[in-house]
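Asker: Fold the following.
(chains A and B)
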Number of protein chains: 2
Amino acid sequence: MNGKSQADIEEGTAFAPKFDAEGLITAVVTDAKSGELLMVAHMNKEALAKTVGSGEAWYYSRSRKMLWKKGETSGHVQRVVEMCVDCDQDSVWLKVEQAGAGACHTGRRSCFYRAVPLGNAGGVPLEFRDEKTFDPGAVYRKPG
Amino acid sequence: MNGKSQADIEEGTAFAPKFDAEGLITAVVTDAKSGELLMVAHMNKEALAKTVGSGEAWYYSRSRKMLWKKGETSGHVQRVVEMCVDCDQDSVWLKVEQAGAGACHTGRRSCFYRAVPLGNAGGVPLEFRDEKTFDPGAVYRKPG
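Answerer: Below is the predicted model:
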């Protein structure tokens, strides 16, 4: 905990992000205007520093094992309007202005386009809630 | 990837949650009415199954290394109105009805009560955005 007490971390004004065993912190990204949840991503120390410094969202891809600037390929950059940190400082919340037709690499505004039916033991099909707003093949040179 | 292709995972109707190396999936929790981000937590397979089955939020505490039902101690249970899964199925979004005065164990509605100033190299104090709505000492027998 960087030598800080729980009270320092939760009630203090020092930003002391707590990275996990992989060196990552969770980033929750919502549309600053509509409040819609757009995506969940991860940041390493460098991505977080670049985001704070530039006011544009940078992440760390766990699958590609690399730093990436959101919108680098697609043009769908995210300008950060406000960034908040949670009580134990292991998650950040980015309220962003999302450029382009959406945040999701599948061609939708939000990554959360399918609902999980509740009140059963599982095995019930997911329900689609959202349609594609752009053609990912045309926007991404290399989707994924 | 459970033998499923990327297309199956992203465009299919089978719920195939992708747990990380610790066996966890990220859960983003918003207020179903206001849209406010309340908290970010984690679920293991059992917490996810209990949430889907009961329609109330269960999580896995990484610090306490145990399953917990939100509101078990405080009474601040979360009834899940809708649960969505993201494109690569490693995060879920819970829209909940939050019982009681808040979701955060510090006594606030949301865990995200401090903003990180942007456009600088860091080291600038966090700015408080939210006040306590309840007394955590009175609500939790054992805070944390």
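Asker: Now the element after the lengthiest helix in chain A, going C-ward?
Answerer: Counting residues, the longest helix in chain A under DSSP state H turns out to be helix A:45-54. Next helix or strand after helix A:45-54 toward the C-terminus (DSSP states H and E): strand A:58-61.
Asker: so what secondary structure elements neighbour that following strand?
Answerer: Applying 3 or more CB pairs under 8 Å, 6 or more residues apart in numbering or on different chains; DSSP states H and E, we find strand A:58-61 packed against strand A:37-43, helix A:45-54, strand A:66-69. Backbone N, C-alpha and C define where each C-beta goes, glycine included.
Asker: Would you convert those into TSV that also reports mean pLDDT?
Answerer: As requested, the helices and strands packed on strand A:58-61 are arranged in TSV below (pLDDT from 0 to 100):
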stretch	mean pLDDT
strand A:37-43	98
helix A:45-54	96
strand A:66-69	97
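Asker: Check whether the longest helix of chain A comes near chain B.
Answerer: Yes. Looking at helix A:45-54 against chain B by CB under 8 Å from any CB of the partner chain, the contacts come from A:Ala49, A:Thr51, A:Val52, A:Gly53, A:Ser54.
Asker: Let me have the helices and strands packed on strand A:58-61 in JSON lines, extended by mean neighbour count.
Answerer: What follows is the helices and strands packed on strand A:58-61, written out as JSON lines (neighbours: other CB atoms under 10 Å in any protein chain shown):
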{"stretch": "strand A:37-43", "mean neighbour count": "24"}
{"stretch": "helix A:45-54", "mean neighbour count": "18"}
{"stretch": "strand A:66-69", "mean neighbour count": "14"}
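Asker: ok, back up a step: using CSV, write out every CA atom in the longest helix of chain A.
Answerer: This file holds the C-alpha atoms of helix A:45-54, laid out as CSV (Å, rounded to 0.1, in the frame of the first residue of the first chain):
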residue,chain,number,x,y,z
LYS,A,45,1.6,3.0,-14.9
GLU,A,46,2.6,4.5,-18.2
ALA,A,47,-0.9,4.4,-19.7
LEU,A,48,-2.3,6.2,-16.6
ALA,A,49,0.5,8.8,-16.7
LYS,A,50,-0.2,9.5,-20.4
THR,A,51,-3.9,9.8,-19.8
VAL,A,52,-3.5,12.2,-16.9
GLY,A,53,-0.8,14.2,-18.7
SER,A,54,-2.6,14.4,-22.1
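Asker: now the angle from that helix to strand A:37-43?
Answerer: 120 degrees (axes from the mean of the first three to the mean of the last three CA atoms, to 10 degrees).
Asker: what sits up against helix A:45-54?
Answerer: A:17, A:19, A:23, A:25, A:43, A:57-60, A:67, A:69, A:80, A:83, A:92, A:94, B:116, B:118-122 (CB atoms under 8 Å, 6 or more residues apart in numbering or on different chains).
Asker: Strands of chain A, start to end?
Answerer: Counting by DSSP state E, chain A has strands at residues A:25-31, A:37-43, A:58-61, A:66-69, A:78-85, A:91-98, A:114-115, A:127-128.
Asker: do you know which of those strands lies nearest B:Ser5?
Answerer: Taking CB to CB, strand A:114-115 is the member of the strands of chain A nearest to B:Ser5, at 16.3 Å.
Asker: any bit of the closest one sitting next to chain B?
Answerer: Yes. Shown here: strand A:114-115 in contact with chain B (CB under 8 Å from any CB) through A:Arg114, A:Ala115.
Asker: Could you spell out the sheet neighbours of that strand, each with its direction?
Answerer: Its sheet considered, strand A:114-115 pairs with strand A:127-128 (antiparallel), strand B:78-85 (antiparallel) by DSSP bridges.
Asker: List the buried residues of the longest one.
Answerer: Judged by neighbour count (16 or more other CB atoms under 10 Å in any protein chain shown), strand B:78-85 contains these buried residues: B:Gln78, B:Arg79, B:Val80, B:Glu82, B:Met83, B:Cys84, B:Val85.
Asker: Please report how far the first one lies from chain A.
Answerer: Think B:Gln78. Here B:Gln78 is placed at a distance of 12 Å from chain A (CB to the nearest CB, to the nearest Å).
Asker: Surely that residue and B:Gly100 touch.
Answerer: No. With contact defined as CB atoms under 8 Å, B:Gln78 does not reach B:Gly100; the gap is 9.7 Å.
Asker: so what sits against both of those two?
Answerer: Residues touching both B:Gln78 and B:Gly100 by CB under 8 Å, 6+ apart: B:Gly71.
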